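Model the following, please.
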Amino acid sequence: MLHYYKFRQDLFGPVPASEAYHKPGKGRGWPEECPPIRAANAFGFDLLANFDLTFVRTRSPDRPWRAEPDIVIESDFAYADTEDSPGSPLTQQYAWFWQKGQKLPHLISDNVFEHVKNQVKVSSFLYFKTDPNELLLFGAIPNVSRPFRTMSACVDADWYPASYCWHIVLELDPSQKRIEIARGTPLCRVQVVRRDTYFAKPMSPSEFDAFFESGQRWLSTHGRVHDDAEPGQLDITKTYSRQQLKSKFVVLP
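The predicted model follows:
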């Protein structure tokens, strides 16, 4: 299970992913109509942009982008170093970039900076943890083309109690002069995955014979013949989607 806490309670929490992120145009055969694609689109939770934000290209080789506006917010809870000291809210910047010559949180060499200078870190304003032996897989929203891409990461959230909000790393398209991201835009997909050993092995000829035969039986049972189809072609439109067993993603109160 994904456990989360908001930096401020008026901000977005994770939301169940959607089967489609835009309405297809006229006609039939759009990828958004394909049941396996819709299932992939809806697999996981989305992290949303909490504020309107625009990334603007600059002429500076050391700082090729700037964020407008530069948003910094305070938490709605207070933190104190000791039990008998007064607490104060935490502050968190919404979006920030790698710095040329930076030493912390980790060193970036000048030649490496040239490869990451179009990346920006955007705070989710969310603290995360998972149950034992569960990891968090961060990645892009499937099957969506945008002027930025979300970098993938797999986080050991079951044993690493990060005391900061997790951020999302976006790589901006350097051919763009302005990239606008509206509040509520899904920025990142989060999936809870098991820490385990996963295997792959080839089927034996007899195993493949049984598998292939089962496929032919399924087609003969559920497929439909069209008058204009080639001999042996069967239509399984809507049959697959009716039998498909989809995972569910629910945000509990």
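
switch to C-alpha atoms for all contacts and neighbour counts from now on
Will do.

Spell out the residue ranges of the strands in the stretch 101-250 of the chain.
119-130, 134-139, 148-150, 153-155, 166-172, 178-181, 186-194 (DSSP state E, counting those that start in this stretch).

Direction included, what does the third one pair against?
Paired with strand 148-150 in the same sheet, following DSSP bridges, are strand 166-172 (antiparallel).

gap between the partner strand and the chain center?
The chain centre lies 10 Å from the centre of strand 166-172; the measure is C-alpha atoms, centre = their mean, to the nearest Å.

mean confidence score for that strand?
Across strand 166-172, pLDDT averages out at 98.

Gly215: which of the strands of the stretch 101-250 of the chain is closest?
strand 186-194 (29.2 Å; C-alpha to C-alpha).

Any stretches of the stretch 1-150 of the chain with poor pLDDT?
Along the stretch 1-150 of the chain, the model assigns pLDDT under 70 to no residue.

Report the contact partners of the nearest residue to Pro89 once chain neighbours are set aside.
Among residues not flanking Pro89 along the chain, Ala78 sits closest, at 4.3 Å (C-alpha to C-alpha, 6 or more residues apart in numbering). Neighbouring residues of Ala78 by C-alpha atoms under 8 Å, 6 or more residues apart in numbering: 87-90.

Dump those residues to a markdown table, plus secondary structure and neighbour count.
A markdown table is the format used below for the contacts of Ala78 (DSSP: H, G, I helix; E, B strand; the rest coil; neighbours: other C-alpha atoms under 10 Å):
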| residue | secondary structure | neighbour count |
| --- | --- | --- |
| Gly87 | coil | 13 |
| Ser88 | strand | 14 |
| Pro89 | strand | 14 |
| Leu90 | strand | 15 |
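
From Leu172, how far off is the closest residue to Ile168 other than its chain neighbours?
Nearest non-adjacent residue to Ile168, counting by C-alpha to C-alpha, 6+ apart: Val122, 5.1 Å away. According to C-alpha to C-alpha, to the nearest Å, Val122 stands 12 Å off from Leu172.

then stretch 142-155 to PDB, C-alphas only?
In PDB, the C-alpha atoms belonging to stretch 142-155 read as follows (Å, rounded to 0.1, in the frame of the first residue of the first chain):
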ATOM      1  CA  PRO A 142       2.000   6.200 -20.500                       C
ATOM      2  CA  ASN A 143       1.200   7.000 -24.100                       C
ATOM      3  CA  VAL A 144       1.200  10.800 -23.700                       C
ATOM      4  CA  SER A 145       3.500  13.000 -25.800                       C
ATOM      5  CA  ARG A 146       4.600  16.300 -24.200                       C
ATOM      6  CA  PRO A 147       7.400  18.800 -24.400                       C
ATOM      7  CA  PHE A 148       9.000  17.200 -21.400                       C
ATOM      8  CA  ARG A 149       9.600  13.600 -20.200                       C
ATOM      9  CA  THR A 150       9.500  12.200 -16.700                       C
ATOM     10  CA  MET A 151      12.600  10.400 -15.600                       C
ATOM     11  CA  SER A 152      12.000   6.900 -14.100                       C
ATOM     12  CA  ALA A 153      13.100   5.900 -10.600                       C
ATOM     13  CA  CYS A 154      12.600   3.000  -8.300                       C
ATOM     14  CA  VAL A 155      12.600   3.900  -4.600                       C
END
